[in-house]
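Asks: The following block contains a protein sequence and its predicted model.
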Amino acid sequence: MKICCIGAGYVGGPTMAMIAQKCPDIEVAVVDLNEARIAAWNSDALPVYEPGLQELVEQRRDKNLFFSTEVKKHIKAADVIFISVGTPTKSYGIGAGQAAELGYVEGCARMIAEVCEGPKIVIEKSTVPVRTAELIKSVFEGYEKGHLFEILSNPEFLAEGTAVSDLENPDRVLIGGDSTETGQKAVQTVVDIYNRWVPRENIITTNVWSSELSKLVANAFLAQRVSSINAISAVCEASGADVDEVANAIGKDSRIGPKFLKSSVGFGGSCFQKDILNLVYLCEHFGLRDVAEYWRQVIKINDYQRKRFTQKVIHSLYNTLQGKRVAVLGFAFKKDTNDTRESAAIYICRDLLEEGADIVVYDPQVPAEEIKALTSDKVQIASSAEEACDGAHAALVLTEWDAFKELDYSAIYQSMVKPAHIFDGRNILDLDALETIGFKAYGIGKA
Ligand SMILES: NC(=O)C1=CN([C@@H]2O[C@H](COP(=O)(O)OP(=O)(O)OC[C@H]3O[C@@H](n4cnc5c(N)ncnc54)[C@H](O)[C@@H]3O)[C@@H](O)[C@H]2O)C=CC1
Ligand SMILES: O=C(O)[C@H]1O[C@H](OP(=O)(O)OP(=O)(O)OC[C@H]2O[C@@H](n3ccc(=O)[nH]c3=O)[C@H](O)[C@@H]2O)[C@H](O)[C@@H](O)[C@@H]1O
């Protein structure tokens, strides 16, 4: 069997590396139009930073795992084609700011239809609005090749930073297909691939629309939990409660559960906001305005949480940041990734720049040019947390990198302008210990 995955991004690369690892008899080609990205996948410096990924790729690369820009050749040769291209929020036209831009998916469908002459299974791996399979089908029919393809939905649930372990041991794999005989045969082919390492009871099969919608709903529920606890963090600050204590107390209820209750500067990442906006757009499309409004609140609270954090910084620094050095520790949207898409740090840095702050950023994985491109050329980049904090009035922890827990905060305090302020936007530091050193220390949801 030959698999081709179109899109060598955060999903396509790691997902296909895992399939290649678990199925040494299957030839897996990951293709992309972006030459630099493919060159990086073929190098020692992969374009995606994930713990364990470099080793995984090196084990299978050039054996049964190939990264290539020869898109058409590999599509033509494959039996199974995954579409794993971006589906960002539309930035113009009808649905701008909410609907998913499906141009890349349509482009893939056209390319598949153009080059394929025999039967194929085409799988939506990208996160798409419900009924996107219909769009793909209609493109195939436009080329009079509808009969060649079975279209399945197999959304990806990996989280960045833990992609390799999520792929190795997924909570579930979801495969949606048609109830026709050929549809079910295609579903079985994909079940058999995952079943090489995922127990059959963890592989769920549904109809295509349930599968497409479940992906949006899973992200909406996850983001809703973060917004819920972040909303409560504001109540904690006002009332003297501690958000970590509240999260622990409610999380012990097995119906609520302990995960995804960490209050923060707000969720980031390429998907939560985009997928909720997509759900909101779908609800409006179906005339379900109240439902749309309900989900929109999740994003409103996230915006509110970021603003609240920035306002606390400004207020604590005597309402002026003009000429003050502010150290930003962490720029990625979460730890253990180099991904900055929709990172809260982007918005917080931009707001602090508006206030006249001199910002110095340190992140262990994000390249300097990227930080500058997302903020301003005026932002300085430090090569360590200590260097960023040297001479700063305030330090802001915006990503929960483990290394930030281990810093020598006494030495850092000595190097800062007094009074030295520290704002822990991830609640990973011991605020009492920092106060003892002399810092004015602030957390999220802490009185
Ligand atoms: N990033 C994540 O953690 C997750 C993302 N997803 C979903 O997976 C999809 C892909 O996301 P990422 O991998 O993060 O995107 P990405 O932007 O990192 O990668 C997409 C790649 O597709 C390539 N591409 C676009 N059109 C192409 C074409 N016609 N032919 C060949 N290559 C083409 C682009 O050059 C790019 O390298 C999105 O729908 C996203 O919502 C789902 C689960 C997790
Ligand atoms: O569709 C996607 O793209 C993926 O989106 C999320 O994964 P990801 O965005 O990589 O990372 P998460 O761990 O979900 O974190 C998202 C954001 O929420 C924040 N977060 C998460 C958990 C929490 O308790 N508190 C909190 O602030 C994180 O810091 C981060 O900024 C989902 O967890 C994945 O299941 C999904 O496949």
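Replies: Ah, there it is. Ligands and ions are numbered 1, 2, ... in the order given.
Asks: From here on, just use CA atoms for contacts and neighbour counts.
Replies: Noted.
Asks: Can you name the residues of the chain that neighbour ligand 1?
Replies: Counting by CA under 6 Å from any ligand atom, the chain comes close to ligand 1 at 6-12, 31-34, 84-87, 104, 107-108, 126-127, 156-160, 271.
Asks: Just the terminal-to-terminal distance for stretch 377-385.
Replies: Start and end residues of stretch 377-385 are separated by 20 Å (CA to CA, to the nearest Å).
Asks: could you give the mean pLDDT of it?
Replies: Average pLDDT, stretch 377-385: 98.
Asks: Any buried residues in it, and which?
Replies: Across stretch 377-385, burial judged by 16 or more other CA atoms under 10 Å covers 379-382, 385.
Asks: out of those residues, which are inside strands?
Replies: Of the buried residues of stretch 377-385, the ones assigned to strands by DSSP state E are 380-381.
Asks: Export only the CA atoms of stretch 138-147, formatted as CSV.
Replies: Presented in CSV, the C-alpha positions along stretch 138-147 are these (Å, rounded to 0.1, in the frame of the first residue of the first chain):
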residue,chain,number,x,y,z
SER,A,138,-18.5,18.0,-6.3
VAL,A,139,-15.0,18.9,-7.5
PHE,A,140,-14.4,15.2,-8.4
GLU,A,141,-17.7,15.0,-10.2
GLY,A,142,-16.8,18.2,-12.1
TYR,A,143,-13.9,16.2,-13.6
GLU,A,144,-16.2,13.3,-14.2
LYS,A,145,-14.2,11.2,-11.8
GLY,A,146,-16.6,11.0,-8.9
HIS,A,147,-16.8,7.2,-9.2
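Asks: Any figure for the gap between Arg196 and Ser376?
Replies: 48 Å.
Asks: Assess the claim that Val71 and Leu33 are in contact.
Replies: Yes: if you go by CA atoms under 8 Å, Val71 and Leu33 touch, sitting 7.2 Å apart.
Asks: what about the two, which has more around it?
Replies: Val71 (21 against 14; other CA atoms under 10 Å).
Asks: Can you name the residues that contact the residue of the stretch 151-300 of the chain found nearest ligand 1?
Replies: When you check the stretch 151-300 of the chain against ligand 1 by CA to the nearest ligand atom, the closest residue turns out to be Glu156, at 4.6 Å. By CA atoms under 8 Å, 6 or more residues apart in numbering, Glu156 lies in contact with 11, 125-127, 173, 215.
Asks: Dihedrals phi and psi, the residue nearest to the spatial centre of the chain?
Replies: The residue lying closest to the centre of the chain (CA atoms, centre = their mean) is Gly269, at 3.8 Å. Gly269 adopts backbone torsions of phi 100, psi 160, taken as degrees, to the nearest 10.
Asks: Let me know the pLDDT of it.
Replies: For Gly269, the predicted pLDDT is 97.
Asks: repeat for Tyr49
Replies: According to the prediction, Tyr49 has pLDDT 89.
Asks: can you pull the contacts of it?
Replies: 161, 336-338, 365.
Asks: Is any residue of stretch 397-412 near ligand 2?
Replies: No: applying CA under 6 Å from any ligand atom, one finds stretch 397-412 out of contact with ligand 2, separated by at least 7.3 Å.
Asks: got the end-to-end distance for that stretch?
Replies: Span of stretch 397-412 from end to end, CA to CA: 13 Å.
Asks: Let me know the average pLDDT across that stretch.
Replies: Mean predicted confidence for stretch 397-412 is 98.
Asks: Just the buried positions in that stretch, please.
Replies: Within stretch 397-412, judged by 16+ other CA under 10 Å, the buried ones are 397-401, 404, 409, 412.
Asks: Next, check those against the helices and list the overlap.
Replies: If you go by DSSP state H, the buried residues of stretch 397-412 have 409, 412 in helices.
Asks: Help me confirm that Ile151 is found in a helix?
Replies: No: Ile151 is assigned strand when assessed by DSSP: H, G, I helix; E, B strand; the rest coil, not a helix.
Asks: Name the nearest residue to it, ignoring sequence neighbours.
Replies: Leaving aside its chain neighbours, Ile151 sits nearest to Val122 (4.9 Å; criterion: CA to CA, 6 or more residues apart in numbering).
Asks: The one you found and ligand 1, how far apart?
Replies: According to CA to the nearest ligand atom, to the nearest Å, Val122 and ligand 1 sit 14 Å apart.
Asks: same check, this time on Leu46
Replies: 12 Å.
Asks: Burial check on that residue, number of neighbours?
Replies: Leu46, neighbours per other CA under 10 Å, totals 17.
Asks: what sits against it?
Replies: Leu46 makes contact with 40, 54, according to CA under 8 Å, 6+ apart.
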